[in-house]
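Asks: Starting from these lines, generate the structure:
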Amino acid sequence: MKKGVYQQLNLTHLEAALPQVLQEARAEQWTYETFLQRALTTELSGREQKAMARRLKAARIPRKKTLDGFDFSFQPSLSERRLRELSDLSFVRTCTNIVFLGPPGTGKTHLSLALADRALTAGYSVLFTTLSELAHALETASHPGLVRSRLRRYIAPSLLVIDEVGYTKLSQEQARYFFELVTARYEHGSIILTSNTSFAQWGTLLGDEVLATALLDRLLHHAEVLAINGRSYRMKERQADRATISAPSEAALRATGELPTGVR
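Replies: From the prediction side, this is the model:
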């Protein structure tokens with residue numbers, strides 16, 4: 001087959017893998033049907049991997065997290081069963097929002113990233129941002145056209161993750177842009193939002209009680225609110241690190257003669 005045919009048919013992944021496919025076909029004496037199926041499967045697999053790489057790059061996910069990597073026993077107030085149900089991504093299909101509320105360090109970001117990872121694997125477009133990054137990007141747009149362009153970047157994905165709501169009080173302009181974004185995504189795309197601030201404090205966060213009420217009305221109309229009332233993972237890990245550092249090792253005690261050789 002001429003080389004240009006692969007480009008014309010857009011079979012670039014098959015072209016790269018064809019020598020290996022042909023070698024296996026000869027060694028295993030594939031039928032024509034098996035060869036065709038394997039060749040097309042190779043092309044589709046390559047396309048899926050490339051599309052996944054594009055989605056992952058566009059998502060700006062800071063780190064990979066999974067539900068299996070979350071210690072549900074440390075946060076008994078949280079229902080593992082409910083999180084497993086949400087991981088089937090029905091909330092993305094129905095444009096339902098998810099709001100994680102709780103003190104810092106309780107795993108809100110971990111759970112958000114785990115659900116975002118599931119969505120990416122399933123083929124959905126995702127974008128991760130903090131509220132402070134989002135507000136800064138919109139406020140620093142130099143002209144209205146650029147504001148619209150940047151807003152579209154946050155409106156377009158199937159799933160938008162907004163982390164760390166409540167850490168920074170928004171200016172009047174930033175609050176208005178945040179409201180516009182939530183309004184634009186209302187019933188058109190899912191939002192996962194994490195916050196250490198109760199809804200009653202959002203008037204202070206946005207600097208406008210009326211705007212906060214209108215925003216929450218849209219955000220919570222189709223939403224799952226999951227409160228995490230537990231201890232901080234970061235504090236747990238810090239205490240474990242301190243315990244490790246402060247506890248002298250058996251080898252060190254033997255070296256100093258503080259632990260007799262026959263003692264275990």
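
Asks: going forward, measure contacts between C-alpha atoms and count neighbours the same way
Replies: Will do.

Asks: For the stretch 101-250 of the chain, which segments count as helices?
Replies: Along the stretch 101-250 of the chain, counting by DSSP state H, counting those that start in this stretch, helices occupy 108-121, 131-139, 144-155, 172-185, 202-206, 209-221, 233-246, 250-256.

Asks: out of those, deepest packed?
Replies: Comparing those by mean neighbour count (mean count of other Cα atoms under 10 Å), helix 108-121 ranks first with a mean of 21.

Asks: biggest helix in the chain by residues?
Replies: Longest helix in the chain, counting residues (DSSP state H): helix 32-59.

Asks: mean confidence score for that one?
Replies: For helix 32-59, mean pLDDT rounds to 88.

Asks: What is it packed up against?
Replies: helix 12-28, helix 108-121, strand 126-130 (3 or more Cα pairs under 8 Å, 6 or more residues apart in numbering; DSSP states H and E).

Asks: Try it again at 10 Å.
Replies: Counting by 3 or more Cα pairs under 10 Å, 6 or more residues apart in numbering; DSSP states H and E, the packing neighbours recorded for helix 32-59 are helix 12-28, helix 108-121, strand 126-130, strand 159-165.

Asks: Take those and write them to JSON lines, including mean pLDDT and distance to Phe72.
Replies: Below are the helices and strands packed on helix 32-59 laid out as JSON lines (pLDDT from 0 to 100; distance: least, Cα to Cα, whole Å):
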{"stretch": "helix 12-28", "mean pLDDT": "86", "distance to Phe72": "41"}
{"stretch": "helix 108-121", "mean pLDDT": "97", "distance to Phe72": "11"}
{"stretch": "strand 126-130", "mean pLDDT": "98", "distance to Phe72": "23"}
{"stretch": "strand 159-165", "mean pLDDT": "97", "distance to Phe72": "20"}
